[in-house]
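Visitor: Provided below are the primary sequence and the corresponding predicted coordinates.
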Amino acid sequence: MKVLVFCEKCGNPKRLSNYVLKAYIATAHHVYCDVCQHENEVTSNLRRYAFQLRRKQGY
């Protein structure tokens, strides 16, 4: 399943694949917008979901 994250500044959506969620989001503090390069904070809910994916798939 892909997750959409919206930029806090311009509202542009960014798709995050399961691989990105497991490999990057679980430990990252920010996600950068592809349009305006704004630094968007990774929310605790998104981080929790990423950790669940890692656990579920034995990452």
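Guide: All right, it came through fine.

Visitor: quick one: contacts for the spatially most central residue of the chain?
Guide: In the chain, the centroid-proximal residue (CA atoms, centre = their mean) is Ile25; its distance is 4.8 Å. By CB atoms under 8 Å, 6 or more residues apart in numbering, the contact list for Ile25 reads 16, 31, 42, 46-47, 50. (Glycine included, C-beta is placed from N, CA and C.)

Visitor: any idea which of those is closest to Gly58?
Guide: For those, the minimum distance to Gly58 (CB to CB) is 14.3 Å, reached by Ala50.

Visitor: so where's the chain shaky on pLDDT?
Guide: For the chain, applying pLDDT under 70 flags the ranges 1, 59.

Visitor: Could you pull out the helices in it for me?
Guide: Here the chain has its helices, by DSSP state H, at 18-20, 44-56.

Visitor: I'd like to know which of those lies nearest to Cys10.
Guide: helix 44-56 (18.7 Å).

Visitor: Buried ones in the closest one, by neighbour count?
Guide: For helix 44-56, burial by neighbour count (16 or more other CB atoms under 10 Å) applies to 46-47, 49-51, 53-54.

Visitor: Dump those residues into JSON lines; add distance to Cys36 as well.
Guide: Formatted as JSON lines, the buried residues of helix 44-56 follow (distance: CB to CB, whole Å):
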{"residue": "Leu46", "distance to Cys36": "20"}
{"residue": "Arg47", "distance to Cys36": "23"}
{"residue": "Tyr49", "distance to Cys36": "25"}
{"residue": "Ala50", "distance to Cys36": "24"}
{"residue": "Phe51", "distance to Cys36": "28"}
{"residue": "Leu53", "distance to Cys36": "28"}
{"residue": "Arg54", "distance to Cys36": "29"}
